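Visitor: sequence plus the predicted model coming up.
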Amino acid sequence: MHDDRQLVEERIDRILRERIRPAVHGETAPLTVEVWHAPGEPVPAAEGIAADYRPLQGNEAWGPAWGTSWFHITGTVPAGWAGRAVEAVIDLGFSQSHSGFSAEGLVHRPDGTAIKGLNPTNTWVRIADKAEGGEQIDLYVEAAANPDVSDNAVTPLGDVRTAGDHPLYRVRRIDLAVYDDEVWQLVRDVEVLAQLMRNLEMGNPRRWNLLRALEDAVDRTLDLKDVSGSAAATRAVLAPALAAPAVASAHRVSAVGHAHIDSAWLWPLRETVRKVGRTIANVTALMDDDPDLVFAMSSAQQWAWMQEHRPDLWERMKEKAAAGQLVPVGGMWVESDTNMPGSEALARQLVHGKRFFLDELGIDTQEIWLPDSFGYTAAFPQLVHLSGSKWFLTQKISWSQFNKFPHHSFWWEGLDGSRVFTHFPPVDTYNSELSGDEMAHLVRNFADKGRANRSLVPFGWGDGGGGPTREMLGRAARLRDLEGSARVEIEAPERFFEKAHEDYPDAPVWVGELYLELHRGTYTSQAKNKQGNRRTEHLLREAELWCATATVRTGAEYPYAELDRIWKTALLHQFHDILPGSSIAWVHRESRETYERITGELDTIITGAQRALAGEGSGTVVFNGAPHARDGVAAGGAIVAGDAPEAVGVTAADGGFVLDNGLVRATVDARGLLTSVVELASGRETIAPGQAGNLLQIHPDLPAHWDAWDIDHTYRNTVTDLVDLVSIEHDVDAATGVAAVRVVRRFGASTATQVTSVAPGAQRVDIETEVDWHESELFLKAAFPLDVRAERSTAETQFGYLHRATDTNTSWEAAKFEICAHRFLHVAEPGFGVAVVNDSTYGHDVSRTVRADGGTTTTVRLSLLRAPRYPDPETDQGVHTLRYALVPGVDVDGATREGFRINLPQRQVTGSAAVAPLVTCDHDGIVVSAVKLADDGSGDVVVRVYESLGARAQGSLALGFDAASVVVTDLLERTLDDQAPVLDDGSVALTLRPFQILTLRFPLA
């Protein structure tokens, strides 16, 4: 037989594209369209529907960027269409072929209730399943002129303030059409078989059988001049090919409807509310047509938005959730970043997410659902267990640059040894269309063949929302049992995990963090976001601590509602495109404004509680919100201030200065750099010979892709040391005794002012760096070359720390050229360690070199600022103040203490009363993470502790209040009956395994 395969395949494609698809909506009739352009921000549906409309003029443009136009569509179904299905077809001028990145619409009834969303992949609105003729059409479309900024190009369109008022869109089509279901079904038959055919091997007879079946259908049966009239006969030709069953060993796919909706990204938060509404309108309407559809929806915040803003859709959501079709997943407030949120914040993501679904829907979610976050902390498995959940799903690790992850179903073991059954969908997308290419890829890609044979596929348009379409459901129906394909079954995530776990109970184990070898720049981009997040987290800790103390001690009212609201605001801004700094300018502008507002609110709450505790008087009461005692103030307590400390000594030396407080001696040379830091008790020098610490370094920063997200390892090929200075001067603060050296440097269009200081009684060197930053595509780091041979670095993470190798022996280690740390990063050799602590920096790198003298230099660098131009062209422009410190001669316990110190400065309030702590722990390694009142308003005191040093710990927690009893709870403060602590004479004995988290609840006596 002659080989005409390519020609036949090309003919099938063309006939499907140019003849069959257009025939789905064959006959058309005009509709009348009027328009009202809303001024400014979106308006409620009732206001939009009641507006003053005028006729839409021909090819009239609509929609300046981020604007809203309302279209009123009226008409009559022709009498000749009686008995036929009728739909309105609405193309608002979509600029994309996929959903979520250009104009979108939501169709309403005259009463303001939503019908369904409109996007490039979903342009139809059902008018009648079987028309009678003469039906009146009366629809209102809220059309959002969201600009397309998805092309990685620098643009002013990312903020309404810079986008301009030029209209972006022109309506392409709004008319009435007959919907031909037989033709629609034929489209699905042809596309499924053609896609399957192309993914079968050339030597597979099934491929050739499908080719000839399709050839017979489109070339011998289909009448190209009467597609509608010949569709049924054409489908009959294809029916045997579609009826051939899958082989017994075919891979099994659990398909789950999904719409990954970024809570903010290339659109602002307010637009996400509308995106969720459009998606939910589509999904619930599709469920009415197909009761087998199951749709998984994460992010309690997005459910709460519908409850608040779209009560009509909220009622439909509750109905479908009760029916098991709309399934809440994830158990988190939002799909957050997991690298940077602090310990309590990550725990509260689970608390607030799971509690919303329990309270509003009566559903206890069992799976953590984070398909798109940029790496996953090793603290997560324990938090999953403590939230009462079982499973974990992500897809993002498939994006890693260098190393392919070896498993798709596995046990993930966290810091403390907790394990959670985890799945990575081998389809390598969370926006599947259920295409033949995707099904073939997942089968080839599945890493656990021979041991397991099941995977999950999230299908539906996502990122910008949209969700599943009827076309995807049509594919799913044909792929349920089809020779040559994986078997596809639509079902809930919980059913998949139950089956996958049962099939593969002895799955392999992955220990530690799930590091994404990509998007490392997100540890640094948008520095003010990072600062706002870190500051808010610590203010929330203090607000809960001091308010609980004030309530227990003075009867002051505990601000339950205010704290709940602020926590949810903070959690929302930890979304994985807000906190990482990868959103448009509008998002980050609002984020900065929000952090400024809520930090002000928290300061007010804290001050009020402390004043209630400090009482009357004119003295100064010093409060310590850290979990460790310092300067004579107990952890969680306060004392009346004493005399000022003795000042630190300063001497001039070779154009620089030497700062000495008896614990540490720091030499700042004439360039303003740290050339020596000696820990005086041991006499040990910290700075490597011939090197200088606190060295600012600039690198070019233009990654191959995704500016705000990525830094490429090649950035290190070029570096400029900033050593020139404008001025250097020293000072001693009479009130605090702190000795400081102030240095000013200019580079490019920017200025850096650095204050290096030593405080009385402090075994550290503090550095405050103020940068007036006006650079583009540059990367600013602060380097500390240390005379330490460290084989690994130790970085604080949530509820503990991580070790990472400092060598590059393997590609896995080399890929971690930029790492995330929270309050400290520690390096050590036996007998001596050094910590670098910070108040808002997350990105770090650690490297080692061997010197000519045979010694080893371990260089720790903090990533201070970046200047990517997409998606925010003005990223980080302006003034930033960054604080960090070098702490010589400390172990991990010392690093932990200093990390808390720099993030929780002591507070001073006028008064006369000392304050005893509510709780006191007698073990250095047991850290009090939270002291608060129970969320249920009972007045019970809740205390969360964790083991911080990676060792077993036995200690006791002494109470500074009368408690009736004590129970161990999960994160949601529900009693765990398998643990029975004993309250004995006002204290509780604690025995913790390494990195264990323990939550205790104390009803008041």
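Guide: Okay, I see it. Numbering: from 1, shown residues only.
Visitor: list the contacts for residue 847?
Guide: Taking C-beta atoms under 8 Å, 6 or more residues apart in numbering as the criterion, residue 847 is in contact with 806, 858, 859. All C-beta spots, glycine's among them, are computed from the backbone N, C-alpha and C.
Visitor: run the last query once more with 6 Å
Guide: Residue 847 sits next to residue 859 when contact means C-beta atoms under 6 Å, 6 or more residues apart in numbering.
Visitor: likewise for residue 338?
Guide: By C-beta under 6 Å, 6+ apart, the residues touching residue 338 are 373, 376, 377.
Visitor: top of those by number of neighbours, please.
Guide: Scoring the contacts of residue 338 on neighbours with other C-beta atoms under 10 Å, the highest-scoring entry is residue 377 at 28 neighbours.
Visitor: and that residue, how far is that from residue 667?
Guide: According to C-beta to C-beta, to the nearest Å, residue 377 and residue 667 sit 38 Å apart.
Visitor: hmm, back to that, kindly indicate which of the contacts of residue 338 lies nearest residue 68.
Guide: Nearest to residue 68 among the contacts of residue 338 is residue 373, at 30.8 Å by C-beta to C-beta.
Visitor: correct me if wrong: that closest one contacts residue 577.
Guide: No: taking contacts as C-beta atoms under 6 Å, residue 373 lies outside contact range of residue 577: 9.6 Å.
Visitor: measure residue 789 to residue 829 for me?
Guide: Per C-beta to C-beta, residue 789 is found 5 Å from residue 829.
Visitor: low pLDDT regions in the chain?
Guide: Flagging of the chain using pLDDT under 70 yields the residue ranges 1.
Visitor: identify, by residue count, the longest helix of it.
Guide: If you go by DSSP state H, the chain has its longest helix at helix 585-614.
Visitor: list the buried residues of that one.
Guide: Neighbour counts over helix 585-614 (16 or more other C-beta atoms under 10 Å) mark 585-592, 594-595, 598-599, 601-602, 605-606, 608-614 as buried.
Visitor: tell me if residue 924 really is in a strand.
Guide: No: judged by DSSP: H, G, I helix; E, B strand; the rest coil, residue 924 forms no part of a strand; its state is coil.
Visitor: so who does it touch?
Guide: Contacts of residue 924 (C-beta under 6 Å, 6+ apart): residue 893.
Visitor: cool, the one 10 residues further on as well?
Guide: Taking C-beta under 6 Å, 6+ apart as the criterion, residue 934 is in contact with 940, 942, 973.
Visitor: residue 795 too?
Guide: Contacts of residue 795 by C-beta under 6 Å, 6+ apart are 802, 821, 825.
Visitor: can you give me the distance of it to residue 695?
Guide: Computed with C-beta to C-beta, the distance linking residue 795 and residue 695 is 21 Å.
Visitor: just residue 893 next, same as before
Guide: Distance, residue 893 to residue 695, using C-beta to C-beta: 28 Å.
Visitor: more crowded one of those two?
Guide: For residue 893 versus residue 695, the count of surrounding residues by other C-beta under 10 Å is larger for residue 695: 20 against 15.
Visitor: pretty sure that one contacts residue 785?
Guide: No: here residue 695 does not reach residue 785: they are 7.8 Å apart, not a contact under C-beta under 6 Å.
Visitor: now do the strands in the stretch 801-950 of the chain.
Guide: 819-820, 824-829, 832-838, 843-850, 856-866, 878-888, 907-911, 919-921, 926-933, 941-947 (DSSP state E, counting those that start in this stretch).
Visitor: and residue 66, which of those is closest to it?
Guide: Using C-beta to C-beta, those put strand 878-888 closest to residue 66, at 23.5 Å.
Visitor: tell me which element the nearest residue to residue 869 once chain neighbours are set aside is part of?
Guide: Among residues not flanking residue 869 along the chain, residue 154 sits closest, at 4.7 Å (C-beta to C-beta, 6 or more residues apart in numbering). Assessed by DSSP states H and E, residue 154 sits outside every helix and strand.
Visitor: now the strands: where do they sit in the stretch 201-350 of the chain?
Guide: Taking DSSP E, counting those that start in this stretch as the criterion, the stretch 201-350 of the chain contains strands spanning 252-258, 295-297, 326-328.
Visitor: out of those, nearest to residue 488?
Guide: Distance to residue 488, taken as C-beta to C-beta, is lowest for strand 252-258 among these, at 4.6 Å.
Visitor: now do that closest one: everything it contacts.
Guide: When contacts are defined by C-beta under 6 Å, 6+ apart, strand 252-258 is touched by residues 293-296, 453-454, 456-460, 468, 476, 486-488, 490-491, 493, 496.
Visitor: please apply the same query to stretch 131-150.
Guide: With contact meaning C-beta under 6 Å, 6+ apart, stretch 131-150 is reached by 48-49, 63, 65, 67-77, 79, 81-82, 84, 86, 92, 95, 101-108, 110, 128, 155, 157-158, 168-169, 266-267.
Visitor: what are the buried residues along stretch 558-571?
Guide: Buried residues in stretch 558-571 (16+ other C-beta under 10 Å): 558, 559, 562, 563, 566, 567, 568, 569, 570, 571.
Visitor: the fourth one falls within a strand, correct?
Guide: By that I understand residue 563. No: going by three-state DSSP, the assignment for residue 563 is helix, not a strand.
Visitor: quickly find the element holding residue 1000.
Guide: Element membership of residue 1000, judged by DSSP H and E, is strand 997-1002.
Visitor: and residue 405, how many neighbours?
Guide: Using other C-beta under 10 Å, residue 405 has 14 neighbouring residues.
Visitor: tell me who's in contact with it.
Guide: Contacts of residue 405 by C-beta under 6 Å, 6+ apart are residue 397.
Visitor: check which helix or strand it maps to.
Guide: Assigned by DSSP H and E, residue 405 falls within no helix or strand.
Visitor: one more: residue 118?
Guide: According to DSSP H and E, residue 118 maps onto strand 114-118.
Visitor: and that strand, which strands flank it?
Guide: Next to strand 114-118 in the sheet, as set by DSSP bridges, lie strand 104-108 (antiparallel).
Visitor: pull the residues that contact the partner strand.
Guide: Residues outside strand 104-108 that contact it (C-beta under 6 Å, 6+ apart): 45, 92, 114-119, 125, 139-144, 278.
Visitor: if we go to 8 Å?
Guide: Outside strand 104-108, the residues within contact range by C-beta under 8 Å, 6+ apart are 45, 49, 71, 90, 92, 114-119, 125, 139-144, 146, 274-275, 277-278, 281, 464.
Visitor: which of those residues fall within helices?
Guide: 45, 49, 274, 275, 277, 278, 281.
Visitor: most neighbours, which of the residues you listed?
Guide: Tallying neighbours with other C-beta under 10 Å puts residue 278 at the head of these, with 30 neighbours.
Visitor: grab the nearest non-local neighbour of that one.
Guide: residue 117 (3.1 Å).
Visitor: can you put the ones in helices among the contacts of strand 104-108 in CSV and add distance to residue 657?
Guide: Converted to CSV, the ones in helices among the contacts of strand 104-108 look like this (distance: C-beta to C-beta, whole Å):
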residue, distance to residue 657
45, 67
49, 71
274, 58
275, 57
277, 62
278, 63
281, 67
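Visitor: just give me the closest of the residues you listed to residue 663.
Guide: Comparing those against residue 663 with C-beta to C-beta places residue 275 closest, at 55.6 Å.
Visitor: need the contact list for that closest one.
Guide: 100, 104, 261, 267, 464, 465.
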